[in-house]
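J.: predicted structure and sequence below. I'll ask about it afterward.
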2 protein chains.
Amino acid sequence: MPKETFFNLPPEKRAKIEEAAIREFVEYSFDNASVNRIVKGSGIPKGSFYQYFEDKKDLYKHIMSLIIAKKMEYLTPVMKNPFDHDFFVIVREMYETGLNFARDNPDFVVIGNRLRSDPSHALFKEIIEDNIDKSNQVFEQLLILGIERGEIRPDIDLGLTAHLISALNVEISEYYQKHIAKKDDYFYDDGVLVTIGKFLDLLRFGIGKA
Amino acid sequence: MPKETFFNLPPEKRAKIEEAAIREFVEYSFDNASVNRIVKGSGIPKGSFYQYFEDKKDLYKHIMSLIIAKKMEYLTPVMKNPFDHDFFVIVREMYETGLNFARDNPDFVVIGNRLRSDPSHALFKEIIEDNIDKSNQVFEQLLILGIERGEIRPDIDLGLTAHLISALNVEISEYYQKHIAKKDDYFYDDGVLVTIGKFLDLLRFGIGKA
DNA sequence: AAGTCATGTGACTTCTTGGTCATATTATAC
DNA sequence: GTATAATATGACCAAGAAGTCACATGACTT
(Lines give C-alpha, C1' and ligand atoms only; values in the text may rest on other atoms or scores of the structure.)
Protein backbone atom coordinates (compact mmCIF):
# COMPACT_ATOMS: atom_id res chain seq x y z
CA MET A 1 0.00 0.00 0.00
CA PRO A 2 1.23 3.47 -0.87
CA LYS A 3 1.72 5.79 2.10
CA GLU A 4 -0.83 8.30 3.29
CA THR A 5 1.11 11.16 1.71
CA PHE A 6 0.42 9.70 -1.70
CA PHE A 7 -3.31 9.72 -1.20
CA ASN A 8 -3.14 13.28 0.18
CA LEU A 9 -1.71 14.45 -3.12
CA PRO A 10 -3.81 16.52 -5.52
CA PRO A 11 -5.48 14.05 -7.89
CA GLU A 12 -3.76 15.40 -11.00
CA LYS A 13 -0.34 14.86 -9.46
CA ARG A 14 -1.29 11.39 -8.35
CA ALA A 15 -2.55 10.61 -11.83
CA LYS A 16 0.67 11.87 -13.37
CA ILE A 17 2.70 9.50 -11.24
CA GLU A 18 0.41 6.58 -12.00
CA GLU A 19 0.52 7.30 -15.70
CA ALA A 20 4.29 7.43 -15.72
CA ALA A 21 4.42 4.17 -13.79
CA ILE A 22 2.02 2.49 -16.22
CA ARG A 23 4.10 3.66 -19.16
CA GLU A 24 7.18 2.19 -17.51
CA PHE A 25 5.57 -1.14 -16.66
CA VAL A 26 4.17 -1.46 -20.16
CA GLU A 27 7.65 -1.12 -21.54
CA TYR A 28 9.62 -3.02 -18.88
CA SER A 29 9.08 -5.96 -16.58
CA PHE A 30 9.00 -5.29 -12.86
CA ASP A 31 12.68 -6.10 -12.50
CA ASN A 32 13.73 -3.94 -15.40
CA ALA A 33 11.49 -1.02 -14.64
CA SER A 34 13.47 1.91 -13.27
CA VAL A 35 12.35 4.12 -10.43
CA ASN A 36 14.70 6.76 -11.80
CA ARG A 37 12.85 6.82 -15.10
CA ILE A 38 9.48 6.86 -13.40
CA VAL A 39 10.31 9.89 -11.27
CA LYS A 40 11.75 11.62 -14.30
CA GLY A 41 8.67 10.74 -16.30
CA SER A 42 6.31 12.06 -13.68
CA GLY A 43 8.35 15.16 -12.88
CA ILE A 44 8.75 14.47 -9.18
CA PRO A 45 12.02 14.29 -7.25
CA LYS A 46 13.40 10.93 -6.26
CA GLY A 47 12.97 11.73 -2.59
CA SER A 48 9.28 12.40 -3.05
CA PHE A 49 8.81 8.99 -4.59
CA TYR A 50 9.94 7.38 -1.39
CA GLN A 51 7.62 9.66 0.56
CA TYR A 52 4.74 8.16 -1.41
CA PHE A 53 5.78 4.52 -1.74
CA GLU A 54 7.70 2.08 0.40
CA ASP A 55 9.64 0.88 -2.60
CA LYS A 56 9.27 -0.15 -6.22
CA LYS A 57 7.18 -3.18 -5.32
CA ASP A 58 4.75 -1.00 -3.40
CA LEU A 59 4.14 1.09 -6.50
CA TYR A 60 3.81 -1.99 -8.67
CA LYS A 61 1.19 -3.52 -6.45
CA HIS A 62 -0.70 -0.24 -6.46
CA ILE A 63 -0.79 -0.26 -10.25
CA MET A 64 -1.94 -3.87 -10.20
CA SER A 65 -4.77 -2.90 -7.89
CA LEU A 66 -5.81 -0.20 -10.35
CA ILE A 67 -5.87 -2.81 -13.09
CA ILE A 68 -7.97 -5.18 -11.05
CA ALA A 69 -10.38 -2.40 -10.10
CA LYS A 70 -10.74 -1.46 -13.77
CA LYS A 71 -11.44 -5.05 -14.71
CA MET A 72 -14.14 -5.22 -12.05
CA GLU A 73 -15.96 -2.38 -13.79
CA TYR A 74 -16.56 -4.70 -16.71
CA LEU A 75 -18.32 -7.40 -14.73
CA THR A 76 -21.86 -7.86 -15.95
CA PRO A 77 -24.84 -8.82 -13.78
CA VAL A 78 -24.73 -12.30 -15.25
CA MET A 79 -21.14 -12.77 -14.16
CA LYS A 80 -21.85 -11.58 -10.66
CA ASN A 81 -24.36 -14.42 -10.28
CA PRO A 82 -22.85 -16.99 -12.57
CA PHE A 83 -24.60 -19.96 -11.05
CA ASP A 84 -28.02 -18.79 -12.18
CA HIS A 85 -27.41 -19.13 -15.90
CA ASP A 86 -26.69 -21.55 -18.71
CA PHE A 87 -23.06 -22.63 -18.85
CA PHE A 88 -22.32 -21.45 -22.35
CA VAL A 89 -24.03 -18.14 -21.70
CA ILE A 90 -21.66 -17.50 -18.81
CA VAL A 91 -18.57 -18.53 -20.71
CA ARG A 92 -19.59 -16.41 -23.66
CA GLU A 93 -20.04 -13.41 -21.42
CA MET A 94 -16.71 -14.02 -19.71
CA TYR A 95 -14.88 -14.19 -22.99
CA GLU A 96 -16.69 -11.11 -24.24
CA THR A 97 -15.87 -9.22 -21.08
CA GLY A 98 -12.25 -10.19 -21.40
CA LEU A 99 -12.07 -8.97 -24.98
CA ASN A 100 -13.82 -5.70 -24.21
CA PHE A 101 -11.45 -5.05 -21.36
CA ALA A 102 -8.49 -5.84 -23.60
CA ARG A 103 -9.80 -3.54 -26.32
CA ASP A 104 -10.26 -0.61 -23.95
CA ASN A 105 -7.16 -1.13 -21.82
CA PRO A 106 -4.42 -2.65 -23.93
CA ASP A 107 -1.74 -1.26 -21.63
CA PHE A 108 -3.24 -3.01 -18.65
CA VAL A 109 -3.35 -6.26 -20.57
CA VAL A 110 0.33 -5.99 -21.38
CA ILE A 111 1.23 -5.41 -17.75
CA GLY A 112 -1.06 -8.12 -16.45
CA ASN A 113 0.01 -10.72 -18.99
CA ARG A 114 3.67 -10.16 -18.35
CA LEU A 115 3.24 -11.13 -14.73
CA ARG A 116 0.70 -13.88 -15.38
CA SER A 117 3.07 -15.58 -17.76
CA ASP A 118 6.04 -15.92 -15.42
CA PRO A 119 5.08 -18.31 -12.63
CA SER A 120 8.70 -18.47 -11.54
CA HIS A 121 8.66 -14.83 -10.51
CA ALA A 122 8.25 -14.11 -6.82
CA LEU A 123 5.51 -11.56 -7.50
CA PHE A 124 3.49 -14.12 -9.40
CA LYS A 125 2.79 -16.05 -6.23
CA GLU A 126 2.13 -12.86 -4.34
CA ILE A 127 -0.35 -11.33 -6.75
CA ILE A 128 -1.65 -13.72 -9.38
CA GLU A 129 -1.64 -17.28 -8.16
CA ASP A 130 -4.67 -17.14 -5.90
CA ASN A 131 -6.77 -15.47 -8.56
CA ILE A 132 -5.99 -18.16 -11.09
CA ASP A 133 -6.88 -20.89 -8.64
CA LYS A 134 -10.14 -19.21 -7.73
CA SER A 135 -11.05 -18.74 -11.36
CA ASN A 136 -10.45 -22.44 -11.97
CA GLN A 137 -12.62 -23.35 -9.02
CA VAL A 138 -15.48 -21.22 -10.30
CA PHE A 139 -15.25 -22.95 -13.66
CA GLU A 140 -15.29 -26.32 -11.97
CA GLN A 141 -18.46 -25.42 -10.11
CA LEU A 142 -20.00 -24.15 -13.32
CA LEU A 143 -19.12 -27.37 -15.09
CA ILE A 144 -20.69 -29.45 -12.34
CA LEU A 145 -23.88 -27.44 -12.60
CA GLY A 146 -23.78 -27.70 -16.36
CA ILE A 147 -23.54 -31.46 -16.12
CA GLU A 148 -26.47 -31.59 -13.71
CA ARG A 149 -28.53 -29.54 -16.10
CA GLY A 150 -27.56 -31.79 -18.99
CA GLU A 151 -25.69 -29.06 -20.89
CA ILE A 152 -22.30 -30.72 -20.52
CA ARG A 153 -21.02 -34.21 -21.18
CA PRO A 154 -20.81 -35.95 -17.79
CA ASP A 155 -17.63 -37.88 -18.53
CA ILE A 156 -15.23 -34.94 -18.79
CA ASP A 157 -12.30 -34.44 -16.42
CA LEU A 158 -13.38 -31.48 -14.31
CA GLY A 159 -9.97 -30.14 -13.28
CA LEU A 160 -8.51 -30.47 -16.73
CA THR A 161 -11.48 -28.92 -18.46
CA ALA A 162 -11.63 -26.00 -16.04
CA HIS A 163 -7.94 -25.40 -16.60
CA LEU A 164 -8.51 -25.45 -20.32
CA ILE A 165 -11.39 -23.01 -20.32
CA SER A 166 -9.37 -20.57 -18.23
CA ALA A 167 -6.47 -20.92 -20.61
CA LEU A 168 -8.73 -20.29 -23.58
CA ASN A 169 -9.86 -17.08 -21.94
CA VAL A 170 -6.31 -15.81 -22.26
CA GLU A 171 -5.72 -17.41 -25.63
CA ILE A 172 -8.71 -15.72 -27.20
CA SER A 173 -7.35 -12.28 -26.28
CA GLU A 174 -4.00 -13.06 -27.77
CA TYR A 175 -5.52 -14.46 -30.93
CA TYR A 176 -7.73 -11.47 -31.23
CA GLN A 177 -4.96 -8.92 -30.74
CA LYS A 178 -2.74 -10.71 -33.20
CA HIS A 179 -5.16 -11.45 -36.02
CA ILE A 180 -8.27 -9.36 -35.89
CA ALA A 181 -7.96 -6.19 -33.83
CA LYS A 182 -5.93 -4.45 -36.52
CA LYS A 183 -8.72 -4.46 -39.03
CA ASP A 184 -11.18 -1.71 -39.69
CA ASP A 185 -12.68 -0.26 -36.54
CA TYR A 186 -16.11 -0.39 -38.07
CA PHE A 187 -16.11 -4.16 -37.95
CA TYR A 188 -14.45 -4.38 -34.59
CA ASP A 189 -17.42 -5.28 -32.46
CA ASP A 190 -18.70 -7.74 -35.01
CA GLY A 191 -15.24 -9.29 -35.04
CA VAL A 192 -15.30 -9.79 -31.31
CA LEU A 193 -18.61 -11.56 -31.33
CA VAL A 194 -17.80 -13.71 -34.31
CA THR A 195 -14.48 -14.78 -32.87
CA ILE A 196 -16.06 -15.64 -29.57
CA GLY A 197 -18.74 -17.62 -31.33
CA LYS A 198 -16.13 -19.68 -33.13
CA PHE A 199 -14.25 -20.34 -29.93
CA LEU A 200 -17.42 -21.46 -28.23
CA ASP A 201 -18.29 -23.77 -31.08
CA LEU A 202 -14.94 -25.45 -30.80
CA LEU A 203 -15.39 -25.77 -27.07
CA ARG A 204 -18.88 -27.17 -27.41
CA PHE A 205 -18.58 -29.48 -30.39
CA GLY A 206 -14.87 -30.08 -30.83
CA ILE A 207 -13.34 -30.38 -34.26
CA GLY A 208 -14.11 -34.03 -34.97
CA LYS A 209 -16.66 -34.81 -37.64
CA ALA A 210 -19.82 -36.08 -35.99
CA MET B 1 27.47 -18.11 -32.28
CA PRO B 2 30.13 -18.68 -29.65
CA LYS B 3 33.69 -18.06 -30.82
CA GLU B 4 36.05 -20.71 -32.06
CA THR B 5 37.93 -20.71 -28.77
CA PHE B 6 34.83 -22.00 -27.02
CA PHE B 7 34.55 -25.01 -29.28
CA ASN B 8 38.28 -25.68 -28.89
CA LEU B 9 37.79 -26.10 -25.15
CA PRO B 10 37.99 -29.54 -23.55
CA PRO B 11 34.43 -30.88 -23.49
CA GLU B 12 34.21 -31.05 -19.68
CA LYS B 13 35.06 -27.37 -19.39
CA ARG B 14 32.56 -26.50 -22.08
CA ALA B 15 29.93 -28.56 -20.32
CA LYS B 16 30.64 -26.85 -17.01
CA ILE B 17 30.05 -23.45 -18.56
CA GLU B 18 26.88 -24.59 -20.27
CA GLU B 19 25.57 -26.12 -17.07
CA ALA B 20 26.22 -22.95 -15.10
CA ALA B 21 24.48 -20.94 -17.80
CA ILE B 22 21.47 -23.24 -17.78
CA ARG B 23 21.23 -22.98 -14.00
CA GLU B 24 21.30 -19.21 -14.29
CA PHE B 25 18.71 -19.01 -17.07
CA VAL B 26 16.42 -21.37 -15.19
CA GLU B 27 16.48 -19.02 -12.24
CA TYR B 28 16.55 -15.68 -14.05
CA SER B 29 15.19 -14.20 -17.23
CA PHE B 30 17.68 -13.15 -19.89
CA ASP B 31 17.72 -9.59 -18.63
CA ASN B 32 18.20 -10.56 -15.02
CA ALA B 33 20.71 -13.30 -15.60
CA SER B 34 24.16 -12.20 -14.53
CA VAL B 35 27.34 -12.92 -16.44
CA ASN B 36 29.20 -12.41 -13.17
CA ARG B 37 27.27 -15.23 -11.51
CA ILE B 38 27.70 -17.49 -14.51
CA VAL B 39 31.47 -17.12 -14.57
CA LYS B 40 31.59 -17.66 -10.82
CA GLY B 41 29.34 -20.70 -11.18
CA SER B 42 31.47 -22.23 -13.87
CA GLY B 43 34.80 -21.35 -12.28
CA ILE B 44 36.20 -19.41 -15.19
CA PRO B 45 37.55 -15.86 -15.12
CA LYS B 46 35.41 -13.06 -16.48
CA GLY B 47 37.90 -12.37 -19.25
CA SER B 48 37.70 -15.94 -20.48
CA PHE B 49 33.98 -15.65 -20.84
CA TYR B 50 34.44 -12.91 -23.39
CA GLN B 51 37.01 -15.02 -25.17
CA TYR B 52 34.32 -17.64 -25.67
CA PHE B 53 31.24 -15.50 -26.30
CA GLU B 54 30.56 -12.18 -27.95
CA ASP B 55 28.28 -11.17 -25.12
CA LYS B 56 25.48 -12.45 -22.90
CA LYS B 57 23.10 -12.76 -25.82
CA ASP B 58 25.57 -14.92 -27.67
CA LEU B 59 25.63 -17.36 -24.77
CA TYR B 60 21.86 -17.28 -24.45
CA LYS B 61 21.35 -18.14 -28.09
CA HIS B 62 23.82 -20.96 -27.75
CA ILE B 63 21.83 -22.42 -24.86
CA MET B 64 18.64 -22.04 -26.88
CA SER B 65 20.24 -23.95 -29.72
CA LEU B 66 21.09 -26.76 -27.29
CA ILE B 67 17.46 -26.84 -26.22
CA ILE B 68 16.21 -26.98 -29.78
CA ALA B 69 18.68 -29.73 -30.64
CA LYS B 70 17.53 -31.73 -27.64
CA LYS B 71 13.91 -31.33 -28.67
CA MET B 72 14.73 -32.56 -32.14
CA GLU B 73 15.94 -35.83 -30.63
CA TYR B 74 12.39 -36.55 -29.58
CA LEU B 75 10.89 -36.29 -33.04
CA THR B 76 9.32 -39.57 -34.09
CA PRO B 77 9.17 -40.93 -37.62
CA VAL B 78 5.48 -40.08 -37.74
CA MET B 79 6.20 -36.44 -36.93
CA LYS B 80 8.87 -36.20 -39.59
CA ASN B 81 6.27 -37.10 -42.21
CA PRO B 82 3.15 -35.72 -40.65
CA PHE B 83 1.13 -35.50 -43.83
CA ASP B 84 1.03 -39.27 -44.25
CA HIS B 85 -1.07 -39.99 -41.17
CA ASP B 86 -4.45 -39.51 -39.53
CA PHE B 87 -4.88 -36.09 -37.99
CA PHE B 88 -5.53 -37.21 -34.45
CA VAL B 89 -2.66 -39.67 -34.59
CA ILE B 90 -0.29 -36.84 -35.39
CA VAL B 91 -1.65 -34.55 -32.74
CA ARG B 92 -1.51 -37.31 -30.17
CA GLU B 93 2.10 -37.98 -31.01
CA MET B 94 2.97 -34.29 -30.89
CA TYR B 95 1.43 -33.89 -27.47
CA GLU B 96 3.12 -37.03 -26.26
CA THR B 97 6.46 -35.87 -27.58
CA GLY B 98 6.00 -32.55 -25.85
CA LEU B 99 5.24 -34.20 -22.54
CA ASN B 100 8.13 -36.63 -22.78
CA PHE B 101 10.49 -33.78 -23.53
CA ALA B 102 9.10 -31.81 -20.60
CA ARG B 103 9.43 -34.79 -18.28
CA ASP B 104 13.07 -35.41 -19.21
CA ASN B 105 14.18 -31.78 -19.49
CA PRO B 106 12.21 -29.64 -17.07
CA ASP B 107 14.96 -27.02 -16.95
CA PHE B 108 14.81 -26.56 -20.69
CA VAL B 109 11.06 -26.15 -20.50
CA VAL B 110 11.41 -23.40 -17.92
CA ILE B 111 13.91 -21.53 -20.06
CA GLY B 112 11.96 -22.00 -23.27
CA ASN B 113 8.61 -21.06 -21.81
CA ARG B 114 9.94 -17.90 -20.23
CA LEU B 115 10.95 -16.58 -23.61
CA ARG B 116 7.94 -17.97 -25.45
CA SER B 117 5.59 -16.18 -23.12
CA ASP B 118 6.99 -12.67 -23.49
CA PRO B 119 6.28 -11.50 -27.03
CA SER B 120 7.26 -7.99 -26.02
CA HIS B 121 10.86 -9.03 -25.50
CA ALA B 122 13.29 -8.27 -28.31
CA LEU B 123 14.68 -11.80 -28.20
CA PHE B 124 11.24 -13.27 -28.73
CA LYS B 125 11.15 -11.97 -32.27
CA GLU B 126 14.71 -13.03 -32.86
CA ILE B 127 14.39 -16.60 -31.65
CA ILE B 128 10.83 -17.80 -31.19
CA GLU B 129 8.43 -15.99 -33.49
CA ASP B 130 9.26 -17.79 -36.71
CA ASN B 131 8.99 -21.18 -35.08
CA ILE B 132 5.52 -20.43 -33.73
CA ASP B 133 4.34 -19.25 -37.12
CA LYS B 134 5.73 -22.33 -38.83
CA SER B 135 4.13 -24.61 -36.29
CA ASN B 136 0.77 -22.93 -36.88
CA GLN B 137 1.17 -23.34 -40.62
CA VAL B 138 1.86 -27.04 -40.27
CA PHE B 139 -1.28 -27.44 -38.18
CA GLU B 140 -3.29 -25.56 -40.78
CA GLN B 141 -2.08 -27.91 -43.49
CA LEU B 142 -2.89 -30.88 -41.29
CA LEU B 143 -6.37 -29.54 -40.66
CA ILE B 144 -6.99 -29.08 -44.37
CA LEU B 145 -5.91 -32.64 -45.03
CA GLY B 146 -8.04 -33.85 -42.14
CA ILE B 147 -11.06 -32.12 -43.62
CA GLU B 148 -10.42 -33.64 -47.02
CA ARG B 149 -10.22 -37.06 -45.43
CA GLY B 150 -13.44 -36.45 -43.53
CA GLU B 151 -11.80 -36.62 -40.11
CA ILE B 152 -12.47 -32.98 -39.30
CA ARG B 153 -15.56 -30.80 -39.42
CA PRO B 154 -15.29 -28.73 -42.59
CA ASP B 155 -16.79 -25.55 -41.12
CA ILE B 156 -14.04 -24.72 -38.62
CA ASP B 157 -11.94 -21.55 -38.81
CA LEU B 158 -8.55 -22.83 -39.89
CA GLY B 159 -6.35 -20.08 -38.48
CA LEU B 160 -8.14 -19.98 -35.19
CA THR B 161 -8.17 -23.73 -34.76
CA ALA B 162 -4.50 -24.08 -35.62
CA HIS B 163 -3.69 -21.39 -33.11
CA LEU B 164 -5.71 -23.22 -30.51
CA ILE B 165 -4.10 -26.60 -31.06
CA SER B 166 -0.66 -25.04 -30.77
CA ALA B 167 -1.70 -23.32 -27.58
CA LEU B 168 -3.02 -26.56 -26.18
CA ASN B 169 0.33 -28.15 -26.83
CA VAL B 170 1.81 -25.75 -24.30
CA GLU B 171 -1.15 -25.87 -21.98
CA ILE B 172 -1.04 -29.61 -21.64
CA SER B 173 2.56 -29.46 -20.39
CA GLU B 174 1.67 -26.87 -17.81
CA TYR B 175 -1.35 -28.79 -16.64
CA TYR B 176 0.68 -31.91 -16.42
CA GLN B 177 3.53 -30.36 -14.46
CA LYS B 178 1.13 -28.70 -12.09
CA HIS B 179 -1.30 -31.52 -11.40
CA ILE B 180 0.04 -34.90 -12.31
CA ALA B 181 3.81 -35.07 -12.54
CA LYS B 182 4.24 -35.03 -8.79
CA LYS B 183 2.45 -38.30 -8.24
CA ASP B 184 4.03 -41.71 -7.91
CA ASP B 185 6.62 -42.35 -10.56
CA TYR B 186 5.22 -45.79 -11.17
CA PHE B 187 2.10 -44.32 -12.70
CA TYR B 188 3.89 -41.56 -14.49
CA ASP B 189 3.82 -42.91 -18.01
CA ASP B 190 0.26 -44.03 -17.64
CA GLY B 191 -0.57 -40.53 -16.44
CA VAL B 192 0.91 -38.99 -19.56
CA LEU B 193 -1.11 -41.14 -21.87
CA VAL B 194 -4.34 -40.75 -19.94
CA THR B 195 -3.98 -36.98 -19.80
CA ILE B 196 -3.30 -36.79 -23.50
CA GLY B 197 -6.30 -38.98 -24.19
CA LYS B 198 -8.55 -36.64 -22.25
CA PHE B 199 -7.17 -33.62 -24.03
CA LEU B 200 -7.75 -35.23 -27.38
CA ASP B 201 -11.30 -36.16 -26.46
CA LEU B 202 -12.03 -32.57 -25.60
CA LEU B 203 -10.49 -31.46 -28.85
CA ARG B 204 -12.40 -34.01 -30.86
CA PHE B 205 -15.81 -33.96 -29.25
CA GLY B 206 -15.96 -30.74 -27.25
CA ILE B 207 -17.70 -30.59 -23.93
CA GLY B 208 -21.28 -30.13 -25.09
CA LYS B 209 -23.69 -32.99 -24.61
CA ALA B 210 -24.45 -34.54 -27.95
C1' DA C 1 5.87 36.24 15.32
C1' DA C 2 7.28 31.81 16.79
C1' DG C 3 6.97 27.09 16.77
C1' DT C 4 5.56 22.67 14.93
C1' DC C 5 4.92 19.28 11.69
C1' DA C 6 4.04 17.31 7.17
C1' DT C 7 6.01 17.52 2.77
C1' DG C 8 9.50 18.56 -0.90
C1' DT C 9 14.20 17.92 -2.63
C1' DG C 10 18.32 16.19 -5.04
C1' DA C 11 22.99 15.04 -3.95
C1' DC C 12 24.83 11.02 -2.24
C1' DT C 13 26.03 6.13 -1.03
C1' DT C 14 26.44 1.49 -2.04
C1' DC C 15 25.89 -2.15 -5.12
C1' DT C 16 25.76 -4.64 -9.38
C1' DT C 17 25.88 -4.74 -14.03
C1' DG C 18 28.03 -5.81 -18.93
C1' DG C 19 32.02 -5.35 -21.05
C1' DT C 20 37.28 -4.02 -21.78
C1' DC C 21 42.16 -4.34 -21.76
C1' DA C 22 46.97 -4.63 -20.50
C1' DT C 23 49.53 -8.16 -19.13
C1' DA C 24 50.73 -13.09 -18.15
C1' DT C 25 50.88 -17.70 -19.59
C1' DT C 26 51.02 -21.50 -22.65
C1' DA C 27 51.39 -23.99 -27.03
C1' DT C 28 53.26 -24.24 -31.63
C1' DA C 29 56.72 -23.47 -35.26
C1' DC C 30 61.16 -23.12 -36.68
C1' DG D 1 66.36 -21.79 -27.79
C1' DT D 2 63.63 -18.21 -29.85
C1' DA D 3 59.85 -16.11 -32.06
C1' DT D 4 54.98 -16.04 -32.83
C1' DA D 5 50.45 -16.66 -32.15
C1' DA D 6 46.58 -18.24 -29.22
C1' DT D 7 44.58 -18.23 -24.84
C1' DA D 8 44.08 -16.99 -19.81
C1' DT D 9 43.32 -13.57 -16.36
C1' DG D 10 41.26 -10.37 -13.07
C1' DA D 11 41.66 -5.46 -12.05
C1' DC D 12 39.24 -1.97 -13.98
C1' DC D 13 35.62 1.20 -16.14
C1' DA D 14 31.41 3.68 -16.92
C1' DA D 15 26.64 3.32 -16.38
C1' DG D 16 22.77 2.59 -13.95
C1' DA D 17 20.26 0.71 -10.22
C1' DA D 18 17.52 1.19 -5.46
C1' DG D 19 17.25 3.51 -1.64
C1' DT D 20 18.81 7.28 2.06
C1' DC D 21 19.31 11.51 4.37
C1' DA D 22 20.34 16.20 5.77
C1' DC D 23 18.21 20.01 4.83
C1' DA D 24 14.60 23.37 2.61
C1' DT D 25 10.01 24.85 2.24
C1' DG D 26 5.56 25.98 3.34
C1' DA D 27 1.17 25.45 5.84
C1' DC D 28 -1.24 25.51 10.21
C1' DT D 29 -1.44 26.52 15.48
C1' DT D 30 -0.92 29.11 19.13
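T.: Sure, I can see it.

J.: ramachandran angles for residue A:31?
T.: Note on residue A:31: its backbone torsions stand at phi -70, psi -30 [degrees, to the nearest 10].

J.: all helices for chain A, in order.
T.: A:4-8, A:11-27, A:35-42, A:46-52, A:56-72, A:77-80, A:87-104, A:106-116, A:122-123, A:129-148, A:158-179, A:188-205 (DSSP state H).

J.: could those go into JSON lines alongside mean pLDDT?
T.: Output for the helices of chain A, formatted as JSON lines (pLDDT from 0 to 100):
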{"stretch": "helix A:4-8", "mean pLDDT": "97"}
{"stretch": "helix A:11-27", "mean pLDDT": "97"}
{"stretch": "helix A:35-42", "mean pLDDT": "98"}
{"stretch": "helix A:46-52", "mean pLDDT": "98"}
{"stretch": "helix A:56-72", "mean pLDDT": "97"}
{"stretch": "helix A:77-80", "mean pLDDT": "92"}
{"stretch": "helix A:87-104", "mean pLDDT": "93"}
{"stretch": "helix A:106-116", "mean pLDDT": "92"}
{"stretch": "helix A:122-123", "mean pLDDT": "92"}
{"stretch": "helix A:129-148", "mean pLDDT": "94"}
{"stretch": "helix A:158-179", "mean pLDDT": "87"}
{"stretch": "helix A:188-205", "mean pLDDT": "85"}
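
J.: flag every residue of chain A that's near DNA strand C.
T.: A:4, A:5, A:8, A:9, A:44, A:45, A:46, A:47, A:48, A:50, A:51, A:52 (Cβ under 7 Å from any atom of the strand). (Glycine included, C-beta is placed from N, CA and C.)

J.: buried ones among the residues you listed?
T.: Buried members of these, scored by 16 or more other Cβ atoms under 10 Å in any protein chain shown, are A:9, A:44, A:48, A:52.

J.: ok, the last one touching residue A:4?
T.: No - in terms of Cβ atoms under 8 Å, residue A:52 does not count as a neighbour of residue A:4; the distance is 9.3 Å.

J.: could you chop chain A up by domain?
T.: For chain A, automatic domain parsing gives the domain ranges A:4-68, A:74-205.

J.: in TSV, list those domains along with distance to DNA strand D.
T.: As requested, the domains of chain A are arranged in TSV below (distance: least, Cβ to the nearest atom of the strand, whole Å):
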stretch	distance to DNA strand D
domain A:4-68	3
domain A:74-205	13
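
J.: for these, which one sits closest to residue B:100?
T.: domain A:74-205 (18.8 Å; Cβ to Cβ).

J.: ends of that closest one, how far apart?
T.: 28 Å (Cα to Cα, to the nearest Å).

J.: now do stretch A:115-123
T.: 8 Å.

J.: hmm, that stretch touching chain B?
T.: Yes - residues of stretch A:115-123 contacting chain B under Cβ under 8 Å from any Cβ of the partner chain: A:117, A:118, A:120.

J.: need the nearest residue in space to the last one, chain neighbours excluded.
T.: Right, residue A:120. Spatial nearest neighbour of residue A:120, excluding adjacent residues (Cβ to Cβ, 6 or more residues apart in numbering or on different chains): residue B:110 at 6.5 Å.

J.: now that neighbour: how far from residue B:174?
T.: 11 Å (Cβ to Cβ, to the nearest Å).

J.: residue A:102 contacts residue A:174, doesn't it?
T.: No - using Cβ under 8 Å, residue A:102 is not in contact with residue A:174; the gap is 9.2 Å.

J.: about what we covered before: now, which of the buried ones among the residues of chain A next to DNA strand C sits nearest residue A:29?
T.: Once Cβ to Cβ is applied, the member of these that ends up nearest residue A:29 is residue A:52, at 21.8 Å.
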